[in-house]
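A.B. asks: Pasting the sequence and the predicted model now:
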Amino acid sequence: MPDHLTIVDHPLVQHKLTIMREIATPTATFRQLLREISQLMAFEVTRDLPVTMRDIETPLCKMQGIGLAGHDPALISILRAGNGFLDGMLDLIPSARVGFVGLERDEETLQPMQYYFKVPQHLDKRTVIVVDPMLATGHSSAAAIDLLKRKGARNIRLMCLVAAPEGVAHMGEKHPDVPIVVAALDDHLNEKGYIVPGLGDAGDRMFGTK
Ligand code: URA
């Protein structure tokens, strides 16, 4: 396994992902499970957030407690499926700042082009967590991270539900400094760019558009 990749193999994550993969799982259940998984995965992806000690007083005595330090983290959703990760993550990190990156393929150059880009200020001082449920070819995640680096982001990690080996390899080539946290590393991409076995189109499944 590439050393920039972490698979969250917790039984609860795996159990919920299996239900999400099933074709018969309805939209509302899919969305609810995605919210729950995003919270479980958030433990892994935020493991090294900076902390500081501060003096507090309990009902019994004074002590030093641990709190988050520095600028609030930034969550960056790659539209549209990334939005499925946001609510659960924001339940856990309510002070996080949120950004959105929209990319579409230019039909002539076949390269991802941005159609929307709105991100929090001071990315250079924040832990930046990019969320994109399906890491397929890796081209849109890599392009989004290029844009974020141009805005100053340095401490970046990518959180995905399911990855294809092709996407992990592409990210490793383009952004070897960006750790990737996933719930599953699947077998391959098919000729249409879907992850196999995968779960289908994550956006369609979470928003009920098909
Ligand atoms: N995007 C999806 O939503 N699903 C895939 O399998 C690949 C890319």
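C.D. replies: All right, it came through fine.

A.B. asks: Who are the packing partners of the helix ranked longest in the chain?
C.D. replies: Counting by DSSP state H, the longest helix found in the chain is helix 27-45. With contacts taken as 3 or more CB pairs under 8 Å, 6 or more residues apart in numbering; DSSP states H and E, helix 27-45 sits against helix 11-21, helix 83-92, strand 155-159, strand 180-182, helix 202-207. Every C-beta, even on glycine, is put in place using the N, C-alpha and C of the backbone.

A.B. asks: in the last one, what's buried?
C.D. replies: Translated: helix 202-207. 202-203, 205-207 (16 or more other CB atoms under 10 Å).

A.B. asks: average pLDDT for it?
C.D. replies: Mean per-residue pLDDT for helix 202-207: 96.

A.B. asks: Dump it to PDB, keeping only the CA atoms.
C.D. replies: Output of helix 202-207 as PDB, limited to C-alpha atoms (Å, rounded to 0.1, in the frame of the first residue of the first chain):
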ATOM      1  CA  ALA A 202     -21.900   9.200  -5.600                       C
ATOM      2  CA  GLY A 203     -23.600  12.500  -6.500                       C
ATOM      3  CA  ASP A 204     -26.600  10.800  -8.000                       C
ATOM      4  CA  ARG A 205     -26.900   8.400  -5.100                       C
ATOM      5  CA  MET A 206     -26.700  11.100  -2.400                       C
ATOM      6  CA  PHE A 207     -28.900  13.700  -4.200                       C
END
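
A.B. asks: Near the ligand, which residues of the protein are found?
C.D. replies: Within the chain, the positions adjacent to the ligand are 81, 134, 136, 193-195, 198, 201-203 by CB under 6 Å from any ligand atom.

A.B. asks: Which members of those residues occur in strands, if any?
C.D. replies: Counting by DSSP state E, the residues of the chain next to the ligand place 134, 195 in strands.
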